[in-house]
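In: please work out how this folds:
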Amino acid sequence: MKDGVNGVALAVFIFFFLAVTVMGFLAARWRKADSDSLDEWGLGGRSFGTWVTWFLLGGDLYTAYTFVAVPAAIYAAGAAGFFAVPYTILVYPLIFTFLPRLWSVSHKHGYVTTSDFVRGRFGSKGLSLAVAVTGILATMPYIALQLVGIQAVLDVMGVGGGENTNWFVKDLPLLIAFGVLAAYTYSSGLRAPALIAFVKDTLIYIVIAVAIIYIPIKLGGFDDIFAKAGDAFSQTNPATGKPRGALAPAEPGQWTYATLALGSALALFMYPHSITATLSSRSREVIRRNTTILPLYSLMLGLLALLGFMAIAAGVKVTNGQLAIPQLFEDMFPSWFAGVAFAAIGIGALVPAAIMSIAAANLFTRNIYKDFIKPDATPAQETQVSKLVSLLVKVGALVFVLTMDKTVAINFQLLGGIWILQTFPALVGGLFTRWFHRWALLAGWAVGMVYGTFAAYGVASPTQAHFGGSSKEIPGIGEIGYIGLTAFVLNVVVAVVLTFVLKAAKAPDGVDETRPQDYTADAGDPGVQVELPPATVGTSH
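Out: Numbers count the residues shown, from 1 in each chain. Take a look at the predicted model:
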């Protein structure tokens, strides 16, 4: 690790950071209509076309944490970290089947969040609240990890001093980055990350294209890279007494690999920020086209993952694996291009952090504030509450990063994935059938949440007594698998069994405010509206 501040890299980083800051504030004037509408601030006016949606979803799903954590997992343990590649391949055929239906019914009824849809479909504020709370809980640590990504880049550039530096001086750059993010998100809403996503993704594609060619040339080619990585993984880890990792997953780890990939694919578009980016598009066809071109990001992710092997071959030594890739860029690239790479990671944190905070704020406003606190809230009041809550969410994430061990944030993000998967039956099931009973779905959600949380709590690692991972023995099978998927199966079983019981008992089923034709409606169809009149928005039966 180089000593001192890398002035050239820092100057390039600051240049790009200032550029996207200006773009973030200018975005407030980009195709803006009624500033008092949550549709405008929180969904960009539902007006984004194919390319804007593509960049927005890509910027939303492929974050700074992805840039840092996926190759870091491979750096630490080998090919097991590649699970992120098949799961992003699996997810696109999956979302092709249900996202257009969600877009159509949401535009027909003016739904802003998944909880809006669940409330309207099942006539249950309780189930809607469960989905909203789960979404907010799962999103908070995700935002914190974006700030961890920025902090990793700043650490490698030497900004802020060492661990013994005064806390204010050390964290001042992160505080400045947070302040800028909060200001332009408050001002411009979803338009800010949509505009900045163009810069972010362009930088990431450039950095990966250069890295995948330039670094192997400097390291003697991929043969040498894989040979050195294989040697490193064969070394015994003193903490476990086993080999550090493997170039290919061993047979005992295949269940873990497969269930983690499948569970992650099912969970990805349950996150509120994924849905927020989806609902911001202007037509059903935009969503369908995006599911066919988004796999380009999966190709990028596969190349990005290879950087973990390169870091090993380059002799990168870090105590925190999250610093491995920033340190690789610092060591291998000229200072000016290292600055470009660091800017890609930094901006890659700002875009998703902004979308996540907006999505969490929308959930609170529509499904907690409006449903339970102020049912007669006007559109202007909704928008103002969302703006304020988006600030509070980011403050909470910042406090999380500054006061807690980074592994805590990572553990909670893993737990967030387990939690958010438990909303799948209500959301995706509801898009295709009204057969499930609302109380059965709520009970299934509760069982999945409780089992997933306690199972994850019981997982230990060499460095942690609890929340040491997201995999555990699958009851009845005996194989090690992803806890989230096991909890999901329990969730579905409970929902199915209780639905039979409750229907037999003729329990009140709630009123469905949607119709079959709502799920195939497009923006130009008669009767499709972007926002309901104040008298009907937020009503449940």
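
In: now stretch 16-33: average pLDDT?
Out: The average pLDDT within stretch 16-33 is 79.

In: now what about it, what contacts it?
Out: Stretch 16-33 is contacted by residues 40, 45, 47, 177, 180, 183-185, 187-189, 191-192, 194-196, 199-200, 203, 339-340, 343, 346-347, 350 when judged by CB atoms under 8 Å, 6 or more residues apart in numbering. For every residue, glycine as well, the C-beta is placed using N, CA and C.

In: can you select the buried ones from these in PyMOL?
Out: Per 16 or more other CB atoms under 10 Å, the buried members of the contacts of stretch 16-33 correspond to this PyMOL selection:
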select buried, resi 40+45+47+177+180+184+185+187+188+189+191+192+194+195+196+199+200+203+339+340+343+346+347+350
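
In: narrow the contacts of stretch 16-33 to those in helices?
Out: Among these, the members found in helices (DSSP state H) are 40, 177, 180, 183-185, 187-188, 191-192, 194-196, 199-200, 203, 339-340, 343, 346-347, 350.

In: now the residue nearest to Gly339 when sequence neighbours are not counted: which helix or strand?
Out: Distances taken as CB to CB, 6 or more residues apart in numbering place Val12 nearest to Gly339, at 2.7 Å, with adjacent residues excluded. Assigned by DSSP states H and E, Val12 belongs to helix 7-26.

In: so which bits of that helix are buried?
Out: In terms of neighbour count (16+ other CB under 10 Å), helix 7-26 has its buried residues at 9-10, 12-13, 16-17, 20-21, 23-24.

In: in TSV, list these along with distance to Ala324.
Out: Below are the buried residues of helix 7-26 laid out as TSV (distance: CB to CB, whole Å):
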residue	distance to Ala324
Ala9	17
Leu10	20
Val12	21
Phe13	19
Phe16	22
Phe17	23
Val20	25
Thr21	28
Met23	30
Gly24	29
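
In: could you identify the most distant pair in these?
Out: Ala9 and Gly24 (22.3 Å; CB to CB).

In: for stretch 235-254, measure first residue to last.
Out: Start and end residues of stretch 235-254 are separated by 21 Å (CA to CA, to the nearest Å).

In: what comes up buried for stretch 249-258?
Out: For stretch 249-258, burial by neighbour count (16+ other CB under 10 Å) applies to 249, 253, 255-258.

In: rewinding a little: so who does the residue nearest to Gly339 touch?
Out: Taking CB under 8 Å, 6+ apart as the test, what Val12 contacts is 336, 338-340, 342-343.

In: repeat that for Gly44.
Out: Counted by CB under 8 Å, 6+ apart, Gly44 has contacts 189-191, 194, 280.

In: distance of it from Pro352?
Out: Counting by CB to CB, to the nearest Å, the gap between Gly44 and Pro352 amounts to 15 Å.

In: ok, Ala246 next?
Out: 31 Å.

In: can you give me the helices for the stretch 201-350 of the chain?
Out: Under the criterion DSSP state H, counting those that start in this stretch, the stretch 201-350 of the chain contains helices at 222-234, 254-268, 272-279, 284-293, 295-305, 307-313, 324-332, 335-364.

In: would CSV of these with distance to Phe488 and mean pLDDT be doable?
Out: Listed next are the helices of the stretch 201-350 of the chain as CSV, based on distance: least, CB to CB, whole Å; pLDDT from 0 to 100:
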stretch, distance to Phe488, mean pLDDT
helix 222-234, 31, 89
helix 254-268, 7, 89
helix 272-279, 17, 90
helix 284-293, 22, 88
helix 295-305, 23, 85
helix 307-313, 28, 92
helix 324-332, 31, 90
helix 335-364, 21, 90
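
In: now Ala443: phi and psi?
Out: phi -70, psi -40 (degrees, to the nearest 10).

In: same question for Tyr65.
Out: Here is the backbone geometry of Tyr65 (degrees, to the nearest 10): phi -60, psi -40.
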